[in-house]
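Asker: next one to model:
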Amino acid sequence: MSYVIACGDEGVQINQGTRFGFVGAGFQLDGFSDVVPLLKKLFGEEIAVAANQESDWLKSKLDLTSWEQVNASSQQQIEALADREGLIYAGYLPFADPKQLAHEIKGHMVRPLKVHIANKVCFTLAGGEQKYNLGNYVVSADWLSEAPKKLAELVIKTQVEFYEKLAGEPLIRVYEELGVLGEEVAKKNRQILDKMGI
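Answerer: As a prediction, the model looks like this:
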């Protein structure tokens with residue numbers, strides 16, 4: 001099974017491979033460097049990362065003014081992130097037909113251009129995104145049971161706050177409990193989220 005870290009943007013659709021959702025694919029996300037070894041411990045060393053078009057997080061972090069600038073810098077920034085974190089750079093997810101990337105990853109962007117339609121945040125609890133649901137921002141919580149409390153709160157809360165700001169309203173919480181880590185790990189990760197008040 002191929003695993004890929006990709007943005008939690010509701011438009012990112014992985015047709016082949018399993019997505020771990022992190023805002024901006026982890027770019028300049030505080031604590032992300034500490035999460036990558038936890039993912040590798042749980043799912044193996046060969047984890048890929050993919051860039052995508054219209055990354056609001058990159059636009060914000062790099063203080064860019066147009067989507068053309070964002071799209072031009074996205075691939076370069078995520079490829080550099082892959083080098084820093086010891087991840088495999090899979091490629092770039094466009095607004096187009098599903099694109100075959102490296103590392104047996106295939107996907108594309110499917111929400112409307114320049115428009116967000118998500119009203120939920122989906123936390124994956126046991127092995128990444130198992131099915132694609134348009135309308136959900138995706139946040140990987142699969143690693144929480146392996147993480148110190150402070151790291152868990154920093155990484156999760158930063159993402160939820162960003163997505164709620166983007167949506168302009170509180171988001172409904174939903175949970176993806178299936179995955180290779182099994183029911184017990186999913187339950188433990190869900191309890192950690194509950195204790196955070198998420």
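Asker: and the residue nearest the centre of the chain, what are its bridge partners?
Answerer: Geometric centre of the chain, nearest residue: Gly21, 1.7 Å, by Cα atoms, centre = their mean. Counting by DSSP bridges, Gly21 is bridged to Ala6.
Asker: show me where the protein has helices.
Answerer: For the chain, helices defined by DSSP state H occupy the ranges 32-43, 56-61, 67-85, 149-167, 182-196.
Asker: which stretch among those comes nearest Val49?
Answerer: Val49 lies closest, by Cβ to Cβ, to one member of the helices of the chain: helix 67-85, at 5.0 Å. C-betas here are computed from N, CA, C, even on glycine.
Asker: name the helices or strands packed onto the closest one?
Answerer: helix 32-43, strand 47-52, helix 56-61, strand 88-93 (3 or more Cβ pairs under 8 Å, 6 or more residues apart in numbering; DSSP states H and E).
Asker: one more time with 7 Å, if that's ok
Answerer: If you count contacts as 3 or more Cβ pairs under 7 Å, 6 or more residues apart in numbering; DSSP states H and E, helix 67-85 packs onto strand 47-52, helix 56-61, strand 88-93.
Asker: hey, which of the ones you listed is tucked in deepest?
Answerer: strand 47-52 (a mean of 26; mean count of other Cβ atoms under 10 Å).
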